[in-house]
Every structure is written in C-alpha cells, then in structure tokens.
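Asks: From the sequence below, what's the structure:
(one chain, ligands or ions: 1)
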Amino acid sequence: MSFFEYRDGQLFAEQTSLSSIAAEHGTPCYVYSRAAFETQWKALDSAFGDHPHTICYAVKANSNIAVLNLLARLGSGFDIVSEGELRRVLKAGGDPSKVVFSGVAKSKSELAFAMQNKVRSINIESVAELERVQEVAASLNVTASIAFRVNPNVDPETHPYISTGMDKAKFGVTMEAAFDAYKRATELTNIEVHGIACHIGSQITKTSPFTDALKIVLDMVKRLADEGIKIKQLDLGGGLGIDYHGETPPSPSDYVQSMINGMKDHGINLPIAIEPGRYIAGNSGVMLTQIEFLKHNKNKNFAIVDAGMNDLLRPALYQAFHVIKPVEQRSRQAAKIFDVVGPVCESACVLGYDRELAVEAGDLLAVMSAGAYGFVMANNYNSRNKPAEIMVDSTQAHLVRKRETFDQLISGEVLLAAD
Ligand code: LLP
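Replies: Next up, the predicted model:
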C-alpha cells in the first residue's frame with residue numbers, strides 16, 4: 001500500500017499524517033487516498049491499450065460521491081445495483097451512457113429511472129425480469145438496451161459469500177436458459193440486445209476462473225451470432241482481487257491480456273466492459289480507530305478500540321483478514337499478542353485476532369485495506385452513528401462525509417401519540 005506508509009515512525013496517507021486527521025476529525029473514521037484511487041483506475045484503464053473498453057467502477061465497493069466524482073473525472077463508467085447508486089453517480093457527474101445496471105431484483109420504479117436516464121445496459125438476471133423490463137419500457141415508450149448476465153458455473157475459488165457464478169448461486173441466467181432468453185428478447189418490441197455480462201465472484205486471485213468463464217461466454221456469443229443475434233459488448237464483471245495480507249492476484253495487464261487473448265482464440269473482437277470495485281477502492285483506504293482500553297483476561301490480551309463490527313463488518317461477516325498497524329510506531333520490545341476488539345455487544349465484534357502490537361491505551365490504529373466494502377457496509381447496530389470519511393489529496397485532508405449525528409440517527413423515527 002504505497003500511499004499509506006510510515007515516515008519517521010508515523011503512518012501517513014500521502015503527505016498527511018493519520019494522527020493529524022484523527023486529531024481534527026476524531027475516530028473512528030475512514031481515510032482515503034485520492035492518488036491511490038486514481039492510480040488503481042488508471043492501471044486498469046491503460047492495461048487495455050487501444051482495445052475499446054469501459055471501466056464500470058462497481059459503486060457498491062465505495063459509493064461516496066467524492067470518490068465517484070474523482071473517477072468520473074477520469075472518464076470512468078459505473079456498475080450500479082440500485083436507483084440510489086444511480087442517483088449517486090448522477091450527483092457525482094457520472095455519464096449514464098457508461099452505466100451498467102446489475103442486480104437480481106430491480107424494481108419497476110428502479111428500471112424506469114434507469115431507462116429515463118438512458119443507461120447503457122440493463123443486465124438482466126432472469127426471463128421474468130426480461131418481461132418486466134419490456135413492460136416498463138413499453139409503458140415509457142422507450143427501447144431498453146439490455147444484456148443478460150449469464151452464470152457460467154465456474155468456481156472463482158473465493159469465500160462462499162462472495163462467489164456468484166456457480167449453479168447454486170441466485171445470480172444470472174444459466175447457460176442452458178440463456179440462448180432461449182436472448183431469442184425471446186429479440187421478439188420483444190421495446191428491447192434492444194446490447195451485450196452479454198458475467199460476474200463470477202469477488203476477491204479472485206487467479207486468472208483461470210476468469211478465462212474459464214470467458215470461454216463459456218464466448219461460446220454463447222458465437223451461438224447467438226449463428227442465430228443472427230449480435231452482441232456489441234462483452235461485460236466481464238468485477239472480481240479482481242487485491243493484496244490484503246500476502247495474496248498475489250494477477251496484475252492488471254495479465255488480467256486484461258487474458259481477456260483479449262481469450263477473445264482472439266475464439267476469433268471474436270468486441271469492446272469490453274469490466275466492473276471492478278475492490279481493485280480500485282480496497283487498498284485506497286484505511287479505517288482509523290483509537291484504543292479505549294487494554295484489557296487482560298485469563299489467557300488473552302485485548303486492545304478494545306472505538307470502532308466495531310458496525311463500522312467495518314468484513315472481519316465478522318467473512319472472517320476477512322485486515323492488517324492492523326499502529327499509527328505511531330513504538331519499540332517492538334513492548335509488543336504483545338492482542339485480539340483487537342470493538343465495543344459492540346457481540347462476540348463477533350472483532351477486527352483482528354492474535355495481532356502482535358506494541359501499543360498503549362489512547363494509541364491510534366489503522367485497519368488497512370478498508371477502502372472497499374468498508375464504509376458502505378457500516379450500519380447503526382447498537383445505535384452507533386456512522387463514521388466520518390476523509391479524502392486525502394497530498395497535504396490536504398478533505399472531510400467528504402461528516403460523522404453522523406444522533407439527530408440523523410433517529411430522523412424518521414416517531415413516537416406514538418400520547419394516550
Ligand atoms: N459486478 C457485480 C455484478 C458484482 O456483484 C460485484 C460485487 C462487482 C461487480 C464488484 O466486484 P469486485 O471487483 O469488487 O470484486 N462485501 C463483500 C464483497 C461483495 C461483492 C459483491 N459483488 C466483501 O466485503 O468482500
């Protein structure tokens with residue numbers, strides 16, 4: 001994580017010390033690096049060279065409008081899964097003609113909003129949804145540009161909660177059903193077939209699941225072409241993994257080249273869209289937290305911090321490993337093994353087990369690789385307000401989301417009238 005490095009024993013985000021951010025904005029908070037987001041996006045973009053492509057950043061990974069705005073300025077497209085995400089993209093100046101709309105249960109009103117805003121592709125996940133898209137498009141008197149998200153039944157070899165491309169998953173249309181689904185689409189008056197889409201899972205650290213899925217998708221493209229159904233864009237989803245703790249995912253160029261070569265092997269040449277979320281956001285942010293107390297039970301040392309599973313859910317939900325670093329380095333001689341735990345009243349409220357740390361109460365810790373699926377999965381369990389988000393740009397720390405207040409927390413709640 002080259003944008004979060006120690007300088008003279010102090011952890012920095014770019015040119016700004018994390019302790020100065022904690023002093024100004026309090027903890028817990030998320031801290032992002034503008035340069036990291038931009039570097040990751042550009043690495044993927046340039047890996048395509050001259051090949052026509054659209055990077056559709058998966059908004060769900062980190063949907064702060066400041067993040068979306070920075071990526072929109074680079075020319076990014078977006079992968080959305082709800083009306084709310086499309087509204088964020090529009091608010092951030094994103095171009096709807098570069099938006100793909102995924103998701104297994106888009107409501108009629110969400111579909112209508114997407115069509116009114118002329119998104120590039122509605123990625124349909126079932127034949128029932130195709131009929132709904134037709135109905136909504138007809139009612140608006142527009143033509144909906146669609147792709148089917150197919151399910152190639154490939155094992156992405158990742159955590160079961162984030163594998164999406166296997167037979168047992170709720171996602172996508174099976175390969176058996178896809179051909180007939182496309183044929184049905186061509187019969188519908190308000191549907192225009194634009195592409196084919198596939199997303200097999202997340203935090204994938206090998207090239208082979210991507211290339212296996214690609215072959216299956218390309219076989220379908222050929223079959224459709226033989227039937228006179230022309231595919232104009234290949235959307236290969238997201239899923240490229242990152243280094244949380246020693247993982248060695250494919251480089252952007254290996255990942256992209258494997259797609260371009262796979263197409264060449266099939267004698268196919270189509271524009272590609274990808275939907276990366278974690279690759280762009282994951283190592284572009286950390287969560288800052290402060291140690292409230294050190295506690296020693298019979299066999300365990302605990303560092304009890306002010307951030308909990310409501311602030312960063314990944315360790316509790318997926319047993320995800322996030323490296324935890326002290327913001328200020330102390331002598332290693334003082335190091336002990338700690339469980340880093342949060343304040344929420346659940347045994348699962350743990351940010352990391354068995355971490356060797358030289359720390360004292362009051363010290364700040366940085367939970368690394370928290371830029372993707374961090375703040376977006378934060379919630380109000382235990383009536384804890386959501387943390388602040390800060391975007392560092394060199395020596396500047398911009399508050400891009402204020403810490404939630406108690407009034408915001410209960411806004412919308414009402415008392416019954418007095419008896
Ligand atoms: N496209 C679709 C249709 C998706 O479902 C996803 C992620 C992506 C793209 C982006 O995948 P990425 O490039 O970020 O791997 N909360 C989990 C991850 C859930 C991913 C869901 N879908 C986590 O914290 O690991």
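Asks: Adjacent strands (with direction) for the helix or strand where L365 lies?
Replies: Per DSSP states H and E: L365 is located in strand 364-367. The strands beside strand 364-367 in its sheet (DSSP bridges) come out as strand 285-296 (antiparallel), strand 324-326 (antiparallel).
Asks: among the ones you listed, which is nearest the ligand?
Replies: Proximity to the ligand (Cβ to the nearest ligand atom) singles out strand 285-296 among the strands paired with strand 364-367, at 12.8 Å. C-beta coordinates here come from the backbone N, C-alpha and C atoms, glycine included.
Asks: Run the chain-centre distance for stretch 4-16.
Replies: With Cα atoms, centre = their mean, to the nearest Å as the basis, stretch 4-16 stands 25 Å off its chain's centre.
Asks: Same question for stretch 200-214.
Replies: That offset, for stretch 200-214, works out to 16 Å (Cα atoms, centre = their mean).
Asks: again with stretch 122-136
Replies: The answer for stretch 122-136 is 24 Å, by Cα atoms, centre = their mean.
Asks: F37 falls within a helix, correct?
Replies: Yes: with DSSP: H, G, I helix; E, B strand; the rest coil as the criterion, F37 is part of a helix.
Asks: Give the other helices and strands that whichever helix or strand G352 is part of contacts.
Replies: G352 is part of strand 350-357, with elements assigned from DSSP H and E. In this structure, strand 350-357 makes packing contacts with strand 301-305, helix 314-318, strand 324-326, strand 336-341, strand 364-367, judged by 3 or more Cβ pairs under 8 Å, 6 or more residues apart in numbering; DSSP states H and E.
Asks: and of these, who's closest to the ligand?
Replies: helix 314-318 (4.8 Å).
Asks: Counting by contacts, list what that closest one packs against.
Replies: Helix 314-318 packs on strand 350-357, going by 3+ Cβ pairs under 8 Å, 6+ apart.
Asks: can you state the direction angle for the strand it packs on and strand 301-305?
Replies: Relative orientation of strand 350-357 versus strand 301-305 (axes from the mean of the first three to the mean of the last three Cα atoms, to 10 degrees): 120 degrees.
Asks: ok and strand 350-357 relative to strand 336-341, angle-wise?
Replies: Using the same axes, to 10 degrees: strand 350-357 against strand 336-341 is 170 degrees.
Asks: What pairs with strand 350-357, parallel or antiparallel?
Replies: Here, using DSSP bridges, strand 350-357 pairs with strand 336-341 (antiparallel).
Asks: So which residues make contact with the strand it pairs with?
Replies: Contacting residues not belonging to strand 336-341 are listed as 294, 300-305, 324, 349-359, 365 [Cβ atoms under 8 Å, 6 or more residues apart in numbering].
Asks: out of those, which are buried?
Replies: 294, 301-305, 324, 349-352, 355, 357-359, 365 (16 or more other Cβ atoms under 10 Å).
Asks: Show me what counts as buried in the strand or helix carrying E131.
Replies: Using DSSP H and E, E131 sits in helix 127-140. When neighbours are counted by 16+ other Cβ under 10 Å, the buried residues of helix 127-140 are found to be 127, 129-130, 132-134, 136-137.
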